[in-house]
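1. Next one to model:
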Amino acid sequence: MLAKKLQSLEQIKSLDVIYASLQPKALETAILATKNMGIPIKTDNRLTETTSFTNRFVNLSQLQENTKKYFASKHVSINQGETAEEAFTRFNEALHEIVATDKERSNIGIVSHGNILADFAARYLSIDSYELVEKIRQPDVAVFDWRKKEFIHNFGEFTHKD
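-> Numbers count the residues shown, from 1 in each chain. Take a look at the predicted model:
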């Protein structure tokens, strides 16, 4: 499994704690990436994928069309799910609370999902969210400096080469 390969990354080995959404894929990634490392795993359901993409199965072409539409307007809801703005607010509030709660830990890992991570990252990287969705691999790693509010390493720099 690809998540096991994350164990070899220094960015994973240096974590003090890792938070994951409650969706099975995220939990499994957190467990496999930190297995036998003694890194505590905590969960926060606000780290879940955007609900517009988790409440109905669609084919690949419909998913791509929905994703483009979703990111083109931050206030569009797909499949009666949340808008990109609502998802970002939820995710961002979770991150603020996690950092405040675990302030004694300097290296906090977050395991979440492609669309919500792309939208969060795109806002700090000045890049189109859909463009970033297309670049993120599963699994993938980025490093964000919370104090400076900037990415030290972007998605793909550790886990794949373009």
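
2. what residue ranges in the chain score low on pLDDT?
-> 1, 54-55, 158-162 (pLDDT under 70).

3. could you point out the longest helix in it?
-> For the chain, the helix that runs over the most residues, judged by DSSP state H, is helix 84-101.

4. Could I get the buried residue list for it?
-> Within helix 84-101, the residues that qualify as buried are 84, 86-88, 90-91, 94-95, 98, counting by 16 or more other C-beta atoms under 10 Å. (C-beta placed from N, C-alpha, C; glycine too.)

5. Show me the two of those that sit farthest apart.
-> Taking C-beta to C-beta as the measure, the buried residues of helix 84-101 span a maximum distance of 20.8 Å, between Ala84 and Ile98.

6. contact partners of the strand or helix carrying Gln64?
-> Following DSSP states H and E, one finds Gln64 within helix 60-72. The contact list for helix 60-72, computed with C-beta atoms under 8 Å, 6 or more residues apart in numbering, reads 50, 52-53, 58, 76, 78-79, 84, 115, 119, 128-130, 133.

7. same thing with stretch 135-154?
-> Against stretch 135-154 from outside (C-beta under 8 Å, 6+ apart): 2-3, 6, 9, 11-12, 29, 33, 95, 99, 108, 114, 117-118, 121, 124-125, 155-160, 162.

8. just checking, next helix/strand downstream of the longest helix of the chain?
-> Assigned by DSSP H and E, the successor of helix 84-101 is strand 108-111.

9. list the helices and strands the very next helix or strand once past that following strand packs on?
-> Once strand 108-111 ends, the next helix or strand along the chain (criterion: DSSP H and E) is helix 114-125. Where contact means 3 or more C-beta pairs under 8 Å, 6 or more residues apart in numbering; DSSP states H and E, helix 114-125 is packed against helix 60-72, helix 84-101, helix 129-135, strand 150-153.

10. Looking at these, which is nearest to Val17?
-> helix 84-101 (8.8 Å).

11. what angle sits between that closest one and helix 60-72?
-> Here helix 84-101 points in a direction 70 degrees away from that of helix 60-72 (axes from the mean of the first three to the mean of the last three C-alpha atoms, to 10 degrees).

12. Alpha carbons only: can I get helix 84-101 in CSV?
-> Only the C-alpha atoms of helix 84-101 are listed here, as CSV (Å, rounded to 0.1, in the frame of the first residue of the first chain):
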residue,chain,number,x,y,z
ALA,A,84,-16.5,25.3,-1.3
GLU,A,85,-16.7,28.3,1.0
GLU,A,86,-18.6,26.3,3.6
ALA,A,87,-16.2,23.4,3.4
PHE,A,88,-13.2,25.8,3.6
THR,A,89,-14.7,27.5,6.7
ARG,A,90,-15.3,24.1,8.4
PHE,A,91,-11.8,22.8,7.6
ASN,A,92,-10.1,26.1,8.5
GLU,A,93,-11.9,26.3,11.9
ALA,A,94,-10.8,22.7,12.6
LEU,A,95,-7.2,23.6,11.9
HIS,A,96,-7.3,26.7,14.1
GLU,A,97,-8.7,24.6,16.9
ILE,A,98,-6.3,21.8,16.5
VAL,A,99,-3.3,24.1,16.5
ALA,A,100,-4.7,25.9,19.6
THR,A,101,-5.4,22.7,21.4
